[in-house]
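K.L.:
Provide a 3D model corresponding to the input given below.
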Amino acid sequence: MSNYNNTTVSSHEKNINSKLPKVPGAYSIIIDNTWYYYGSSTNLYDRFINHRSQLRNNIHKNSRLQSHWNKAQSFELHVLKMGTKKEVLAVENMLLSVNFGTPQCLNDRDAYGSYEATDEHKANLSAAHKGKKPTHLHRKCWGKPLGSNEWTGFESLKAAAQHIGGQHNNICKVLNGSRAHHLGWTFTSTNPQTVS
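P.N.:
Alright, predicted model coming up:
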């Protein structure tokens, strides 16, 4: 797999089958050699196709990335590392811990899933989700390590899974009672600070 590291694919390229494999990888999306978005995926090829399609259709969930795409109409996806899911997630988290919050970084979530939303982004999200029932992935939850009294609030199951290095489906099982804990953590969907 290492022969694909440092591969760059333009959003204008049509035949990318030979350039991007369907394997886990960490990547950066670069717009105008100035703006960066960092990510990782279990399938680089599918993630590239997904980003490109959402951006071309003006429906990307990251409004900053969409805004810069709308001005440039192109991007390059640069493969930074290929490896196991855990390895590529570690690369993404390291890049976000260093770059998140800088003017050039377009990510709207840091390495732990914490969300930085502008007022405009909040209004857009609210309008987009009005009348829709949230999926289980976007459900708030609270978790704590076994033996601890300190609860941590998470904006979503996905954010909780990223925080503990686990899987959201296993956290969901803890929430519905079919599993006692996940990776040494217990979870609840009710804010423990408001329960008396």
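
K.L.:
following element in sequence after the helix or strand of the chain with the lowest mean pLDDT, please.
P.N.:
In the chain, no helix or strand scores lower on mean pLDDT, DSSP states H and E than helix 119-129, which sits at a mean of 61. Once the chain leaves helix 119-129, the next helix or strand it forms, by DSSP states H and E, is strand 141-145.

K.L.:
so which elements touch that following strand?
P.N.:
Strand 141-145 sits against strand 152-154, helix 157-164, helix 168-175, strand 185-188, with contacts defined as 3 or more Cβ pairs under 8 Å, 6 or more residues apart in numbering; DSSP states H and E. Placement of C-beta: from N, CA and C, glycine included.

K.L.:
quick one: closest of the ones you listed to Trp69.
P.N.:
Among the helices and strands packed on strand 141-145, helix 157-164 comes nearest to Trp69, with 23.2 Å by Cβ to Cβ.

K.L.:
what mean pLDDT does that closest one have?
P.N.:
For helix 157-164, mean pLDDT rounds to 88.

K.L.:
please apply the same query to stretch 10-18.
P.N.:
63.

K.L.:
and what of stretch 47-60?
P.N.:
89.

K.L.:
for it, which outside residues touch it?
P.N.:
Contacts with stretch 47-60, where a contact means Cβ atoms under 8 Å, 6 or more residues apart in numbering, come from 9, 11, 16, 20, 27, 29, 39, 41, 61, 65-66, 69-70, 75, 77.

K.L.:
now the helices and strands packed on strand 141-145 as TSV including mean neighbour count?
P.N.:
Shown next, in TSV, are these (neighbours: other Cβ atoms under 10 Å):
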stretch	mean neighbour count
strand 152-154	17
helix 157-164	22
helix 168-175	20
strand 185-188	19
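
K.L.:
nearest approach to Lys81 belongs to which of the ones you listed?
P.N.:
helix 157-164 (17.6 Å).

K.L.:
packing partners of the closest one?
P.N.:
Against helix 157-164 (3+ Cβ pairs under 8 Å, 6+ apart) you get strand 141-145, strand 152-154, helix 168-175.

K.L.:
among those, which gets the worst mean confidence?
P.N.:
Ranked by mean pLDDT, the helices and strands packed on helix 157-164 bottom out at helix 168-175, with a mean of 83.
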